[in-house]
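Student: no sequence for this one, just the structure:
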């Protein structure tokens, strides 16, 4: 079925996870996936591992593409490959939707597909994208951006969030959540990186009333969010709200809020140099000591140990991306 097919574009020194992450999501959901490259056969990734491209660009009809996804990687020289850029432009002209992962945004921009549009890329390359392509409105904070039928995503694993969002758009939320659970992923909502995932440790709310509260907590985990405030947002009495929230989500509001705040703290520890006290204040814990106790109870290690283990990858040097 054409409506269930995805064509991935790769090239020498592409980012391997930009391909394999979204590919896994779509394949799990039952899509037919095809990988194309300037030449068919083995194509070296930025890690030195090779992926076999199913077809060469020259042997692939660009008008046959339904969903086109362009991977990122070291794209500086690739932007000069007119055969590749022209093929992307031709395929995009007929495709139902077009997407990029990480620095693949640069290739969409080079093809003229992002002029006058809002787009995102890896946070470390956002300023370069804005400088090189001033006709593009760059959103450096978004996990992914959908502007019409053009989708762009942030760095590396954000491509999986984008893929899940596309599956949800095609097949519904339940299908996307099934894929997320199978792959042990978070099903993220549209929005900026400050809006955290719909987690695997909770159930999906049955009603719009409770879903509104859940969205508010994820959007601003550091706000006060007292039971009275959340109940008022839901239009329910505090007692009725607590019973209904617990029934639909599978845990009391206070426990859910704590877990969401811990997720926010995890991301801040991994992606920033903020002090523990600053993170604690920003995400509703008040003091560093309170955050330490909650973090150790829910995650099993100290916040400092978490930062030591997971902080380096999140601060990947910009020079390893576009160059």
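Tutor: Right, received. Where do you want to start? Owing to the predicted nature of the structure, the values given are computational and were not obtained by experimental measurement.

Student: So what's the gap between the longest helix seen in the chain and the chain middle?
Tutor: The helix that spans the most residues within the chain, counting by DSSP state H, is helix 253-271. Between the centre of helix 253-271 and the centre of its chain there are 17 Å (Cα atoms, centre = their mean, to the nearest Å).

Student: just stretch 22-32 next, same as before
Tutor: Distance of stretch 22-32 from the chain centroid (Cα atoms, centre = their mean) equals 16 Å.

Student: Which residues outside that stretch are in contact with it?
Tutor: For stretch 22-32, the external contacting residues (Cβ atoms under 8 Å, 6 or more residues apart in numbering) are 1, 4-6, 8, 33, 35, 67, 69, 101, 159-160, 162-164, 166-167, 171, 175-176, 179, 182-183, 185. For every residue, glycine as well, the C-beta is placed using N, CA and C.

Student: swap in stretch 284-294?
Tutor: By Cβ under 8 Å, 6+ apart, the surrounding residues in contact with stretch 284-294 are 221-225, 257-258, 261-262, 265, 275-277, 279-281, 283, 302-303.

Student: cool, stretch 239-258 as well?
Tutor: Contact partners of stretch 239-258, identified using Cβ under 8 Å, 6+ apart, comprise 202-203, 205-207, 209-210, 213-214, 217, 221, 225, 227, 230-231, 234, 236, 259, 284, 294, 298.

Student: Select only the buried ones of these in PyMOL?
Tutor: The buried subset of these, as determined by 16 or more other Cβ atoms under 10 Å, is captured in PyMOL by this line:
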select buried, resi 202+205+209+210+213+214+217+221+225+227+230+231+234+236+259+284+294+298
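
Student: Show me which positions of stretch 288-297 end up buried.
Tutor: Judged by neighbour count (16+ other Cβ under 10 Å), stretch 288-297 contains these buried residues: 288, 291, 292, 294, 295.

Student: State the helix or strand in which the third one lies.
Tutor: What it means is residue 292. Using DSSP states H and E, residue 292 falls within helix 288-299.

Student: what about that helix, average pLDDT?
Tutor: What helix 288-299 shows for mean pLDDT is 93.

Student: Then stretch 162-172?
Tutor: The pLDDT scores in stretch 162-172 average 92.

Student: so residue 35 bridges to which residues?
Tutor: In this entry, residue 35 is beta-bridged to residue 8, by DSSP bridges.

Student: Roughly how far does it sit from residue 107?
Tutor: 15 Å (Cβ to Cβ, to the nearest Å).

Student: With neighbour numbers in mind, choose between the two.
Tutor: A count of neighbours by other Cβ atoms under 10 Å puts residue 107 above the other of residue 35 and residue 107, at 25 against 20.

Student: got a list of what the more buried one touches?
Tutor: Residue 107 makes contact with 9, 70, 75, 78, 79, 84, 85, 88, 100 under the criterion Cβ under 8 Å, 6+ apart.

Student: out of those residues, which are inside helices?
Tutor: Per DSSP H, those map to helices at 84, 85, 88.

Student: Which member of those residues exhibits the greatest number of neighbouring residues?
Tutor: Most neighbours among the ones in helices among the contacts of residue 107, by other Cβ under 10 Å: residue 88, with 27 neighbours.
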